[in-house]
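A.B. asks: Sequence plus the predicted model coming up.
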Amino acid sequence: MTTTETPASCSFCLKPYTDVRALVFGPGVYICDECVALSSQLIADRPVPDPTAPVAHVAPWEAETGLDSVLASLPRMARAKSQAEHVLTQYVRRARQLGASWAAVGGALGITRQSAWERFSKVE
């Protein structure tokens, strides 16, 4: 493992890649085969919604009713943020290797050239 790599783990259950059969990578997140299977089962078992009923959208943190469950979620959220930040940094590093200017990196991220340089220049 090089210094630019970090052990990937499932963003949902936090199992490291070494403890699962497969780990699928998305934009800054990972999901293991076990969480994919669970998600597929939950979707398959979901009742067909009434198309005339209003749709309620509740943010995951709003659905939590107990302090203990909210606190238990914090390490997962911090790990997901850390993984996403690592992946973003590696993409910026690769963009720079391929010749992108700091202005181009900043533009792609919706920030100024100076902000991009301050945040990512230490990765070069």
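C.D. replies: Now that the structure is in, tell me what you want to look at.
A.B. asks: Spatially, what comes nearest to Val24 if we skip its sequence neighbours?
C.D. replies: Take Val24 and drop its neighbours on the chain: the residue closest to it by CB to CB, 6 or more residues apart in numbering is Ile31, 5.2 Å away. The C-beta positions use only the backbone N, C-alpha and C, and glycine is treated the same way.
A.B. asks: make that Pro16, sorry
C.D. replies: Pro16 sits nearest to Ser9 (CB to CB, 6+ apart), 4.5 Å away.
A.B. asks: Next, the contact list for the one you found, please.
C.D. replies: By CB atoms under 8 Å, 6 or more residues apart in numbering, Ser9 lies in contact with Lys15, Pro16, Tyr17, Leu23, Tyr30, Arg79, Gln83.
A.B. asks: wait, doesn't the fifth one sit right on Pro16?
C.D. replies: No. In this structure, Tyr30 is not within contact of Pro16 by CB atoms under 8 Å, at 9.9 Å.
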